[in-house]
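Colleague: Curious how this folds, go ahead:
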Amino acid sequence: MKHYLDAAEKAARAAGELLRQNFKHPLRVNSAEAHDIKLEIDVLAQDLITKLLLKEFPGHALYGEEGIVGDQSSEHQWVVDPLDGTVNYFYGIPHFCISIALRLRGEIMVGVIYDPIREEMWTGQKGETPRLNGHHFHVSERADLAEAVISVGLSKTDDTIEAGLPLLQRMIHRVRKCRLLGSAALDMAYVACGRLDAYIEQGISLWDIAAGWLLIETAGGTVDLRPREDMKDKYRIVASNGAIDLKL
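Modeller: Next comes the predicted model:
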């Protein structure tokens, strides 16, 4: 998997440089909804990632937030979020990332998350301990819920917000702190390396969490991902260090 991991890291760094160069510059808005924004830079970043990955692996497919490319029945499918934390990016909040994962016959084998502002690169492959900027990391060992710091995402629809609010209210009283940081992929990366103890969301897309899923599991944590029957291609997720009982 090393050559796939190297290619994903190269593509993430290239997209990260594009995002960094355009950060806090005037941005073209492609669409705006009640709780979300789509930017031209999202599309440009995915186009760049697609060009780099499929040039090197022309028989592969790409499944991304900004569209799909290639035969989606291919054994090799790249799952890409070119800018996770678009609203943060648009408002000049320096908390966003690129997420790239590779699925082989449906199983995630490679995962990369890159924060271009902090220049932090999480990389992992199936069966090996993941790395942050070259150094191995592990999930936290905190087992006491009262000492935990967790992220509870509220997603982008009225249904997922209504489902998330009671959970957030319960957790606020049980844990040390709850955080809503605005990037699911970075939440996953933070759980993987022990900065957060858990991440919970009621309606998330595969491209948001694919790379982080691999990182958390190879770092010793657990991920419970369940499809939502009422929302196409959306999932409920509980990702944690595996040591704490969230009492859900």
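Colleague: ok, A219 touching E128?
Modeller: No - with contacts counted by C-beta atoms under 8 Å, A219 stays clear of E128, the gap being 10.6 Å. C-beta coordinates here come from the backbone N, C-alpha and C atoms, glycine included.
Colleague: Could you check which of those two has the larger neighbour count?
Modeller: Set A219 next to E128 and count neighbours by other C-beta atoms under 10 Å: A219 wins out with 25 against 13.
Colleague: distance of the nearest residue to the more buried one once chain neighbours are set aside from I200?
Modeller: Using C-beta to C-beta, 6 or more residues apart in numbering and skipping residues adjacent in sequence, the residue nearest A219 is A192, 4.4 Å away. Distance, A192 to I200, by C-beta to C-beta, to the nearest Å: 15 Å.
Colleague: quick revisit: check contacts around the residue nearest to A219.
Modeller: W122, G124, P130, F137, V139, G212, L215, I216, A219, G221 (C-beta atoms under 8 Å, 6 or more residues apart in numbering).
Colleague: Please report how far the residue nearest the centre of the chain lies from E66.
Modeller: By C-alpha atoms, centre = their mean, the chain has its centre lying nearest to A185, at 2.0 Å. Using C-beta to C-beta, A185 is found at 15 Å from E66.
Colleague: do S155 as well
Modeller: Distance from S155 to E66, by C-beta to C-beta: 19 Å.
Colleague: Just after the helix ranked longest in the chain, pick out the following helix or strand.
Modeller: If you go by DSSP state H, the chain has its longest helix at helix 2-22. Using DSSP states H and E, the next helix or strand after helix 2-22 towards the C-terminus is strand 29-33.
Colleague: Mind listing what's buried along that next one?
Modeller: By 16 or more other C-beta atoms under 10 Å, strand 29-33 has no buried positions at all.
Colleague: Show me what the helix or strand following it pairs with in its sheet, parallel or antiparallel.
Modeller: Using DSSP H and E, the helix or strand that follows strand 29-33 in sequence is strand 36-39. Strand 36-39 has the following strand partners under DSSP bridges: strand 29-33 (antiparallel).
Colleague: Tell me, how many residues neighbour W213?
Modeller: W213 is flanked by 23 other residues according to other C-beta under 10 Å.
Colleague: Quick check, it in contact with G221.
Modeller: No - with contact defined as C-beta under 8 Å, W213 does not count as touching G221 (9.7 Å).
Colleague: Give me the common contacts of the two.
Modeller: With C-beta under 8 Å, 6+ apart as the test, W213 and G221 both reach A239.
Colleague: and the closest residue to V175 other than its chain neighbours, how many neighbours?
Modeller: Spatially, and ignoring its direct neighbours in sequence, V175 is nearest to A148 (4.5 Å; C-beta to C-beta, 6+ apart). If you count neighbours by other C-beta under 10 Å, A148 ends up with 23.
Colleague: mind giving me the domain split of this structure?
Modeller: Annotated domains of the chain cover 2-136, 145-240 [automatic domain parsing].
Colleague: unless I'm mixing things up, N22 is touching I41, no?
Modeller: Yes - assessed by C-beta under 8 Å, N22 is found in contact with I41 at 5.5 Å.
Colleague: Can you tell me what sits against the helix or strand of the chain with the lowest mean pLDDT?
Modeller: None of the helices or strands of the chain scores lower by mean pLDDT, DSSP states H and E than strand 29-33, at a mean of 77. Strand 29-33 is contacted by residues I37, K38, L39, E40, D42, V43, F90, K156 when judged by C-beta under 8 Å, 6+ apart.
Colleague: show me the contacts for the fourth one.
Modeller: Contacts were defined as C-beta under 8 Å, 6+ apart; by that measure E40 touches L27, R28, V29, N30.
Colleague: Report pLDDT for it.
Modeller: Listed pLDDT for E40 reads 91.
Colleague: Tell me the secondary structure at the residue of the chain most remote from its centre.
Modeller: The C-alpha centroid of the chain is most remote from H173, which lies 26.5 Å away (C-alpha atoms, centre = their mean). Recorded secondary structure, H173: helix (DSSP: H, G, I helix; E, B strand; the rest coil).
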